[in-house]
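Student: Sequence and computational prediction follow.
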There are 2 protein chains.
Amino acid sequence: MFDQLTKTPTVDEALLLEEVEVKLMDVLAEERPRWRTIDVDGDLVTVLEGFLSRGGKRLRPSFCMCGYVAAGGDHDAVSAAVRVAAALELLHAFALIHDDVMDGSDTRRGEPSVQTVHSASHRRAAGAGEARRFGEGIAVLAGDLAHVLAERLMLEAPRHVRARWHEMQVELVLGQTLDLVGTAYRRVDMGRAREIAVLKSGRYSVVHPLVLGALAADRSDLVAGLEAFGEPVGEAFQLRDDLMGAFGSSVETGKPVGDDLREGKPTMLLAYGRELTRGADAVLLRNVGRIDMDDSTLRQVQEVLERCGARGLVERRVDDLAAEAFDRLDGLAIDAAARESLARLAQRAIWRTS
Amino acid sequence: MFDQLTKTPTVDEALLLEEVEVKLMDVLAEERPRWRTIDVDGDLVTVLEGFLSRGGKRLRPSFCMCGYVAAGGDHDAVSAAVRVAAALELLHAFALIHDDVMDGSDTRRGEPSVQTVHSASHRRAAGAGEARRFGEGIAVLAGDLAHVLAERLMLEAPRHVRARWHEMQVELVLGQTLDLVGTAYRRVDMGRAREIAVLKSGRYSVVHPLVLGALAADRSDLVAGLEAFGEPVGEAFQLRDDLMGAFGSSVETGKPVGDDLREGKPTMLLAYGRELTRGADAVLLRNVGRIDMDDSTLRQVQEVLERCGARGLVERRVDDLAAEAFDRLDGLAIDAAARESLARLAQRAIWRTS
């Protein structure tokens, strides 16, 4: 698959992503024996296997493998790149499982969240103590295990790759903290909303995975260019998330309709809405996150976000960011096929519906 | 401090432990700037600083530095050993903070636990959402940050040291899971109680830190000997924990009296008690963890554990394990001064009162 004459990398990304899936299942299979003897609730390997196999867009492994291929990564380092991509997906499982505990989310990917499943089985078995605490305890530990297994996948990676990997994690925890505190104390100003968007989505979901892929191909020289391309893609990705969290159907997102609005998440959409409204509309938006929102209030909030132009503004901003990203992509010194894959992946991230 | 003639290491452990403290504060200071702007609840660096400075026995760093010195570690690799020791203490902060969430513990080290502090400030500030969930969210994130910072401290460590470090973490999560599930589903059989003791205390608190210290001194040949010494020390350490969790005063432990008994923790003490009792006493012990225990029931349970001989048996077992450890220590090919330090540290761990 590597053309000796032209040195054009012809590594197939779809095949690489299949290898990532195999690696994920291998890591869990290897870890399985010592967890097998515990009561079913405590078999965290099966918990993680269920979580990973219930879907997920594999966006971070995709950006990683795309970064690897774009950087001209050949077959020699494929197994290193696959390990990094699998580590990214395990780390994402850690982030989502802990996130659901912190948000008290009952569902994830259209099914009950980890803590919901295990609180229910504790209740059925009439376990000692509180069912909610038990379910959340299992979720905290399942997240912790995913985190450790992700770290273990990075064991062989060179020092500078692991340094970037840890930097990404600190930013992720910072983003989550800003989100939690912002929701609790209603900090929906634009600056803070943008900072969360950059940390939680821009850098964590797009920029770092792309760069880690390029570093796995030993191309530090491409880092700046990939960051310049990844940043607007990441911001657009987050804005799409804001739109889906406010207007998306639960069939598509696997989450209840208007979840972000009900929780009063400090999104850029809501921050724009607050800047663009006056009078009764402004009062309504100011109350987002302060009041328990029934379906009719939710619909009113959605209408205000439409009417005041916040939704349209965010949609235009997504388009502008996409255009900026494609411009920057043109400037990257990479192979035409790799450019094509990066463009396709960015489109998939930006215009996704779930 | 290194005697060139005799090659006797004269590295001073007390000084090394001071260096560990400095390293811990340095790691946090370096991380501080980007957390400074968040509302006070979200400044996780200050949360961790408070947690680390409120005491703690520094047992894992002590075993690590003792292992390092015993292995003849000299000044060349001191900074590597200090980093590992500091990583162990940060990892322990992660484990304790998440443990308090899972156990719903209100206190830690005689003061309110992380989630208690932050639930209270959420309540005072009339934050959005549930105060309990917010406090626990902050604690989950503070634990996650401690975990990432610990990993980052291991960045420079060689591959085989990091492999051991990750193995320790998987065992820790497994031990915590067995504990959580055992408490909920009342699995207080001796085999399970012993497995938890080995994983959560024996290996995590004693064996792995000792071995990591020796590996930092590049002495893989000492691993088997240090493991043989560390295992009985670790088991005795856990049995002392069982005794303190059942009979210790809250002044000494910083936890409510009889905490483990109230929660029905699957300890070896309780498992012995169940094996040694018949009739009404057996019924009472069987109900530990099934009923809300008032102070008078707690006293009855303590009396039964005394009367049936479980307490005495555990105390004798501690003595036997200590004797076994000291025998094995005599067999180790290490310097007399290092042997003396290991013996002193083991005694401190086994006969501690807090």
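Tutor: All right, it came through fine.
Student: could you give the mean pLDDT of the host helix or strand of A:Ser62?
Tutor: Secondary structure assignment for A:Ser62, by DSSP states H and E: helix A:59-70. The pLDDT scores in helix A:59-70 average 95.
Student: do stretch A:171-189 as well
Tutor: 91.
Student: How about that stretch and chain B, touching?
Tutor: Yes. Judged by C-beta under 8 Å from any C-beta of the partner chain, stretch A:171-189 comes into contact with chain B at A:173-174, A:176-178, A:180-181, A:183-187. C-beta here means a position set from N, CA and C on the backbone, and glycine is covered the same way.
Student: list the buried ones in that stretch?
Tutor: Neighbour counts over stretch A:171-189 (16 or more other C-beta atoms under 10 Å in any protein chain shown) mark A:171-188 as buried.
Student: What helix or strand is the nearest residue to A:Glu31 once chain neighbours are set aside located in?
Tutor: Among residues not flanking A:Glu31 along the chain, A:Val45 sits closest, at 5.4 Å (C-beta to C-beta, 6 or more residues apart in numbering or on different chains). Using DSSP H and E, A:Val45 maps to helix A:44-53.
Student: what does that helix rub up against?
Tutor: A:24-25, A:28, A:31-32, A:35, A:40, A:89-90, A:93, A:96-97, A:108, A:114, A:138, A:141-142, A:145-146, A:149, B:173, B:177 (C-beta atoms under 8 Å, 6 or more residues apart in numbering or on different chains).
Student: For the stretch 151-300 of chain A, what lies in contact range of chain B?
Tutor: So far as C-beta under 8 Å from any C-beta goes, the stretch 151-300 of chain A lies against chain B at A:151-152, A:155-156, A:159, A:162-163, A:166, A:169-170, A:173-174, A:176-178, A:180-181, A:183-187, A:263-264, A:289-290.
Student: Also the stretch 1-150 of chain A?
Tutor: Counting by C-beta under 8 Å from any C-beta, the stretch 1-150 of chain A sits next to chain B at A:31, A:34-35, A:38-39, A:41-42, A:44, A:98, A:101-102, A:104, A:122, A:125, A:127-130, A:133-134, A:136-138, A:140-141, A:144-145, A:147-149.
Student: Could you export stretch A:325-334 as PDB, CA atoms only?
Tutor: In PDB, the C-alpha atoms belonging to stretch A:325-334 read as follows (Å, rounded to 0.1, in the frame of the first residue of the first chain):
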ATOM      1  CA  ALA A 325     -10.700  26.200   7.600                       C
ATOM      2  CA  PHE A 326     -10.900  25.200   3.900                       C
ATOM      3  CA  ASP A 327      -8.800  28.300   3.000                       C
ATOM      4  CA  ARG A 328      -6.100  27.300   5.500                       C
ATOM      5  CA  LEU A 329      -6.300  23.700   4.300                       C
ATOM      6  CA  ASP A 330      -5.300  24.900   0.800                       C
ATOM      7  CA  GLY A 331      -2.200  26.400   2.300                       C
ATOM      8  CA  LEU A 332      -1.000  23.100   3.900                       C
ATOM      9  CA  ALA A 333       1.900  21.400   2.200                       C
ATOM     10  CA  ILE A 334       0.300  18.000   2.000                       C
END
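Student: May I see the buried residues of it?
Tutor: For stretch A:325-334, using 16+ other C-beta under 10 Å, the buried residues are A:325-326, A:328-329, A:332, A:334.
Student: Model confidence score at A:Gly73, please.
Tutor: So, for A:Gly73, pLDDT stands at 88.
Student: ok, the residue positioned nearest the centre of chain A to A:Ile350 distance?
Tutor: For chain A, the residue nearest the mean C-alpha position is A:Ser205 (5.2 Å; C-alpha atoms, centre = their mean). Between A:Ser205 and A:Ile350 the computed distance is 12 Å (C-beta to C-beta, to the nearest Å).
Student: what residues are shared contacts of the two?
Tutor: A:Phe237.
Student: which two in the residues of stretch A:171-189 next to chain B are spaced the farthest apart?
Tutor: Spatial extent of those (C-beta to C-beta) is set by the pair A:Val173 and A:Arg186 at 21.5 Å.
Student: related to what we said a few turns ago, can I get the residues of stretch A:171-189 next to chain B in CSV including secondary structure?
Tutor: Formatted as CSV, the residues of stretch A:171-189 next to chain B follow (DSSP: H, G, I helix; E, B strand; the rest coil):
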residue, secondary structure
A:Val173, helix
A:Leu174, helix
A:Gln176, helix
A:Thr177, helix
A:Leu178, helix
A:Leu180, helix
A:Val181, helix
A:Thr183, helix
A:Ala184, helix
A:Tyr185, coil
A:Arg186, coil
A:Arg187, coil
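Student: of these, closest to A:Arg344?
Tutor: A:Gln176 (29.5 Å).
Student: For the closest residue to that closest one other than its chain neighbours, which residues are in contact?
Tutor: Excluding its sequence neighbours, the residue lying closest to A:Gln176 (C-beta to C-beta, 6+ apart) is B:Leu141, at 5.8 Å. B:Leu141 makes contact with A:98, A:102, A:173, A:176-177, A:180, B:44, according to C-beta under 8 Å, 6+ apart.
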